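Q: no sequence for this one, just the structure:
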(Lines give C-alpha, C1' and ligand atoms only; values in the text may rest on other atoms or scores of the structure.)
Protein backbone atom coordinates (compact mmCIF):
# COMPACT_ATOMS: atom_id res chain seq x y z
CA UNK A 1 0.00 0.00 0.00
CA UNK A 2 2.91 2.35 0.56
CA UNK A 3 3.27 2.94 -3.18
CA UNK A 4 -0.40 3.32 -4.14
CA UNK A 5 -0.98 6.44 -6.21
CA UNK A 6 -4.52 6.75 -7.60
CA UNK A 7 -3.54 9.85 -9.59
CA UNK A 8 -1.40 7.64 -11.84
CA UNK A 9 -4.64 5.86 -12.80
CA UNK A 10 -6.51 9.09 -13.63
CA UNK A 11 -8.48 8.94 -10.39
CA UNK A 12 -9.10 12.68 -10.33
CA UNK A 13 -10.89 12.49 -13.69
CA UNK A 14 -13.01 9.57 -12.44
CA UNK A 15 -14.00 11.57 -9.35
CA UNK A 16 -14.98 14.61 -11.39
CA UNK A 17 -17.07 12.45 -13.73
CA UNK A 18 -18.85 10.85 -10.77
CA UNK A 19 -19.51 14.27 -9.24
CA UNK A 20 -21.14 15.48 -12.46
CA UNK A 21 -23.48 12.48 -12.33
CA UNK A 22 -24.18 13.08 -8.63
CA UNK A 23 -25.02 16.74 -9.27
CA UNK A 24 -27.57 15.78 -11.92
CA UNK A 25 -29.33 13.52 -9.40
CA UNK A 26 -28.92 15.69 -6.28
CA UNK A 27 -29.84 19.10 -7.62
CA UNK A 28 -30.88 20.40 -4.18
CA UNK A 29 -27.64 19.48 -2.43
CA UNK A 30 -24.86 22.05 -2.31
CA UNK A 31 -21.63 20.27 -3.10
CA UNK A 32 -18.00 21.30 -2.84
CA UNK A 33 -16.34 21.77 -6.20
CA UNK A 34 -12.62 21.16 -6.45
CA UNK A 35 -9.93 18.64 -7.26
CA UNK A 36 -9.47 15.54 -5.13
CA UNK A 37 -6.28 14.96 -3.21
CA UNK A 38 -4.96 11.66 -1.90
CA UNK A 39 -2.72 11.26 1.12
CA UNK A 40 -1.42 8.13 2.75
CA UNK A 41 -0.70 8.14 6.43
CA UNK A 42 -1.83 7.57 9.95
CA UNK A 43 -5.38 8.36 11.01
CA UNK A 44 -6.13 8.37 14.72
CA UNK A 45 -9.34 6.46 15.38
CA UNK A 46 -11.25 6.03 18.59
CA UNK A 47 -14.61 6.23 20.29
CA UNK A 48 -14.41 9.99 20.89
CA UNK A 49 -13.88 12.56 18.18
CA UNK A 50 -11.91 15.72 18.81
CA UNK A 51 -14.60 18.38 18.51
CA UNK A 52 -12.50 21.45 19.17
CA UNK A 53 -10.23 21.27 16.12
CA UNK A 54 -7.10 20.62 18.20
CA UNK A 55 -5.64 17.76 16.18
CA UNK A 56 -2.02 18.95 16.52
CA UNK A 57 -2.18 18.89 20.33
CA UNK A 58 -3.99 15.54 20.40
CA UNK A 59 -1.68 14.02 17.79
CA UNK A 60 1.43 15.02 19.73
CA UNK A 61 0.12 13.00 22.65
CA UNK A 62 -0.65 9.87 20.58
CA UNK A 63 1.20 9.95 17.27
CA UNK A 64 3.05 12.93 15.83
CA UNK A 65 2.54 11.85 12.20
CA UNK A 66 -1.27 11.67 12.35
CA UNK A 67 -3.02 13.33 9.41
CA UNK A 68 -6.57 13.15 10.79
CA UNK A 69 -8.87 11.79 13.49
CA UNK A 70 -12.09 9.87 13.08
CA UNK A 71 -14.45 7.61 14.99
CA UNK A 72 -16.06 5.20 12.58
CA UNK A 73 -13.19 2.85 11.70
CA UNK A 74 -12.03 2.13 15.26
CA UNK A 75 -14.40 -0.81 15.87
CA UNK A 76 -13.87 -2.22 12.39
CA UNK A 77 -10.09 -2.17 12.74
CA UNK A 78 -10.18 -3.65 16.24
CA UNK A 79 -12.42 -6.51 15.06
CA UNK A 80 -10.13 -7.23 12.10
CA UNK A 81 -7.08 -7.26 14.37
CA UNK A 82 -8.83 -9.60 16.85
CA UNK A 83 -9.63 -12.02 14.01
CA UNK A 84 -6.22 -11.77 12.33
CA UNK A 85 -7.72 -10.22 9.19
CA UNK A 86 -5.75 -7.67 7.19
CA UNK A 87 -7.52 -4.35 6.83
CA UNK A 88 -7.26 -1.02 5.08
CA UNK A 89 -9.30 2.16 5.51
CA UNK A 90 -9.97 4.76 2.84
CA UNK A 91 -11.25 7.90 4.50
CA UNK A 92 -12.82 11.01 3.02
CA UNK A 93 -12.13 14.05 5.20
CA UNK A 94 -14.92 16.63 5.05
CA UNK A 95 -14.21 18.83 8.07
CA UNK A 96 -11.65 19.54 10.73
CA UNK A 97 -13.63 18.56 13.84
CA UNK A 98 -14.32 22.16 14.78
CA UNK A 99 -17.40 24.37 14.67
CA UNK A 100 -17.08 24.97 10.92
CA UNK A 101 -18.56 21.61 9.90
CA UNK A 102 -18.89 21.63 6.14
CA UNK A 103 -22.03 19.72 5.16
CA UNK A 104 -21.51 20.48 1.48
CA UNK A 105 -18.12 18.72 1.64
CA UNK A 106 -19.52 15.43 2.97
CA UNK A 107 -20.77 14.04 -0.38
CA UNK A 108 -17.48 15.06 -2.02
CA UNK A 109 -15.40 13.42 0.71
CA UNK A 110 -17.45 10.22 0.63
CA UNK A 111 -17.28 10.00 -3.15
CA UNK A 112 -13.52 10.59 -3.32
CA UNK A 113 -12.81 7.95 -0.67
CA UNK A 114 -15.16 5.42 -2.27
CA UNK A 115 -13.72 5.98 -5.74
CA UNK A 116 -10.12 5.67 -4.48
CA UNK A 117 -11.03 2.41 -2.72
CA UNK A 118 -12.84 1.14 -5.82
CA UNK A 119 -9.87 1.98 -8.03
CA UNK A 120 -7.52 0.25 -5.58
CA UNK A 121 -9.67 -2.90 -5.58
CA UNK A 122 -9.89 -2.93 -9.39
CA UNK A 123 -6.22 -2.28 -10.12
CA UNK A 124 -3.97 -3.08 -7.16
CA UNK A 125 -5.60 -5.51 -4.73
CA UNK A 126 -4.59 -9.16 -4.80
CA UNK A 127 -6.14 -11.85 -2.61
CA UNK A 128 -3.71 -13.44 -0.19
CA UNK A 129 -2.61 -16.91 -1.21
CA UNK A 130 -3.50 -18.29 2.21
CA UNK A 131 -7.09 -19.15 2.98
CA UNK A 132 -8.68 -17.06 5.73
CA UNK A 133 -10.72 -19.03 8.27
CA UNK A 134 -13.26 -17.36 10.50
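A: Right, received. Where do you want to start? It should be emphasised that the depicted structure is a prediction, and the values quoted were computed from it without experimental measurement. Residues are numbered from 1 along each chain as shown.
Q: hey, where'd the helices end up in the chain?
A: 11-25, 55-62, 73-83, 106-123 (DSSP state H).
Q: Same list, those, but as TSV with distance to residue 89, mean neighbour count and mean pLDDT please.
A: (Each C-beta comes from the backbone N, C-alpha and C, glycine too.) Shown next, in TSV, are the helices of the chain (distance: least, CB to CB, whole Å; neighbours: other CB atoms under 10 Å; pLDDT from 0 to 100):
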stretch	distance to residue 89	mean neighbour count	mean pLDDT
helix 11-25	17	14	77
helix 55-62	17	13	63
helix 73-83	5	13	90
helix 106-123	9	17	86
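Q: Tabulate those helices in CSV, adding columns for distance to residue 45.
A: As requested, the helices of the chain are exported to CSV (distance: least, CB to CB, whole Å):
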stretch, distance to residue 45
helix 11-25, 24
helix 55-62, 10
helix 73-83, 4
helix 106-123, 14
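Q: Out of those, which is closest to residue 93?
A: Closest to residue 93 of those is helix 106-123 (CB to CB; 5.8 Å).
Q: on contacts alone, who are the packing partners of the closest one?
A: The contact analysis (3 or more CB pairs under 8 Å, 6 or more residues apart in numbering; DSSP states H and E) places helix 106-123 against helix 11-25.
Q: Counting by contacts, list what the helix it packs on packs against.
A: Right, helix 11-25 is packed against helix 106-123 by 3+ CB pairs under 8 Å, 6+ apart.
Q: circling back: ok, which of the helices of the chain comes nearest residue 91?
A: With CB to CB as the criterion, residue 91 lies closest to helix 106-123 of the helices of the chain, at 5.7 Å.
Q: ok, what's across the strand from the residue lying closest to residue 72 once chain neighbours are set aside?
A: In this structure, residue 72 finds its nearest non-sequential neighbour in residue 45, 7.7 Å apart by CB to CB, 6 or more residues apart in numbering. As for beta bridges, residue 45 partners with residue 70 under DSSP bridges.
Q: What score does residue 126 have for pLDDT?
A: Per-residue confidence at residue 126 stands at 80 (pLDDT).
Q: Repeat that for residue 3.
A: 69.
Q: thinking again about what came up before, okay but the residue nearest to residue 72 is in contact with residue 70, surely?
A: Yes: the criterion here is CB atoms under 8 Å, and residue 45 meets it with residue 70 at 5.4 Å.
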